[in-house]
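1. task: produce atomic coordinates for the following.
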Amino acid sequence: MSPARLLFLVALVLLAPIGASAQWSAQPGDTVRNAFGPMPGTLPSMCRGACGKACPESCSQSVTFECLDSERARRVVSYTCGTHRGCREHDDCLDACRMNADGLDCDTYCHTQAIETWGIERASSWSMGSGPFDGDPIRFEYTLHAPNSHEPAFRCPEGARLSCSSGLGRCLTAGGAAVEPVFDSYPTAGPDAMQVAAFRAGALCGERVCNQATTIRVDGQDTCERGRCTRYGVEFDYRNADPAVPLECSASTTGGGDFVGNLLKGAADAMPQQGQGPEADGMAQLMGLFQQVLKSADTSEDAQISMTPLDEAGNPIESQRVGPGTDFVPSVPRSIPLPAASGRLVVPMYQLVDIGDTSDRVREIRCTHKGWPVFEVAFQLQF
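-> Numbers count the residues shown, from 1 in each chain. Coordinates of the predicted model:
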């Protein structure tokens, strides 16, 4: 046994009482709710025990709503995933290491353990979310997007009512047709939080949302700074805001066929920030800078890298820049100024058409103000 591996095992044994409070992997046939592992980077560790990274695309996904009261509902995003003892042991290894073994490369160690125990063929298949599996799938249910986050409440759009049966809720029109609920509020947000009302999401007609619909057909009928696109966004009334502080938004995207780009983006988000500390050399700092660029992008297509030489005073020579300039407009705005403490706000977004990838995707957007959540919405982008 190598000295590094012996040191790792000693650290886990000495710190075992602390690790006992971790969220260990679920077992075959289990149904678990809001089960998260330790967070090594900016992404929460979800679907602990599933074969594959986080909640892999091989899991079947569904969205249902549970009635909170006569007018509001709770959204439940469920993943049904294949599992195997090797996958569960691998996730347990990662969770224990991330809680108790600072400074160790947990990913490399646990990946190596899985390969040595189960063989590279099985471990590689599991890493892609494939089998073999050893029992019934695990069902993971999430009403939160991260540990200790606020749970959103949803309501039916205008002209529809909430129908509840056995705890499950559906929005039905007067004619009995089912329509999708829309964001309402965060019931647990404090009195200092910015409040929204009359929330709408959908395609944009000029500077307004045309109709409430989170399924967006990307047809390229609009023109954006970066090429043919489809514009969409959200619109709402707001109050109790501080105009000196902007609305801060972030987005995450699932689906899409850019395997390499999505892999790089996911890896950057999941890893602790690299290239920090006095021991970091020039290459480590460069890799850390590259990771920061990937993390700052909402999607792999928004990861824009540019280079420019410096003049004698150390200032960038913009005329010689290679790559996008400082006027680059991301597909989802990161910071939105608030003109007043209350009013009506439209947050515009767009999706490019000519990206070499016409696979459908889901884009989730969440916005905060002064640390409090303001709204969240998931758009289905169809090409």
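2. was I right about residue 127 contacting residue 50?
-> No: taking contacts as CB atoms under 8 Å, residue 127 lies outside contact range of residue 50: 11.5 Å. The C-beta positions use only the backbone N, C-alpha and C, and glycine is treated the same way.
3. between the two, who's got more neighbours?
-> When neighbours are counted by other CB atoms under 10 Å, residue 50 comes out ahead of the other of residue 127 and residue 50, with 29 against 17.
4. show me the contacts for that one.
-> When contacts are counted by CB atoms under 8 Å, 6 or more residues apart in numbering, residue 50 is found next to 56, 59, 79, 81-83, 87, 91, 129, 138, 140.
5. can you map out the helices along the stretch 1-150 of the chain?
-> 3-14, 16-19, 85-100, 106-118, 120-127 (DSSP state H, counting those that start in this stretch).
6. span of stretch 119-139 from start to end?
-> 27 Å (CA to CA, to the nearest Å).
7. right, I mislabeled it, should have said stretch 190-200
-> Stretch 190-200 has an end-to-end distance of 23 Å (CA to CA).
8. okay, buried residues for it please.
-> Buried residues in stretch 190-200, counted by 16 or more other CB atoms under 10 Å: 193-196, 199-200.
9. mean confidence for it?
-> The average pLDDT within stretch 190-200 is 96.
10. got a list of contacts for it?
-> With CB under 8 Å, 6+ apart, stretch 190-200 has contacts from 182-186, 209, 212, 234-242, 247, 369-370, 372-375.
11. ok, now with 6 Å
-> Residues from elsewhere that reach stretch 190-200, judged by CB atoms under 6 Å, 6 or more residues apart in numbering: 182-183, 209, 212, 235-241, 369, 372, 374-375.
12. and that stretch, how far out from the chain's middle?
-> Here stretch 190-200 is found 22 Å from its chain centre; the criterion is CA atoms, centre = their mean, to the nearest Å.
13. do the same with stretch 310-317
-> Centroid displacement of stretch 310-317 relative to its chain, using CA atoms, centre = their mean, is 37 Å.
14. name the nearest residue to residue 339, sequence neighbours excluded.
-> Closest residue in space to residue 339, ignoring its immediate chain neighbours: residue 243 at 6.7 Å, by CB to CB, 6 or more residues apart in numbering.
15. thinking the one you found is in contact with residue 342, fair?
-> No: at 9.6 Å, residue 243 does not count as touching residue 342 under the criterion of CB atoms under 6 Å.
16. quick one: which of these two has more around it?
-> residue 342 (15 against 12).
17. contacts only, for the more buried one.
-> Neighbouring residues of residue 342 by CB under 6 Å, 6+ apart: residue 239.
18. farthest pair within the buried residues of stretch 190-200?
-> Using CB to CB, the two most remote members of these are 193 and 200, lying 20.1 Å apart.
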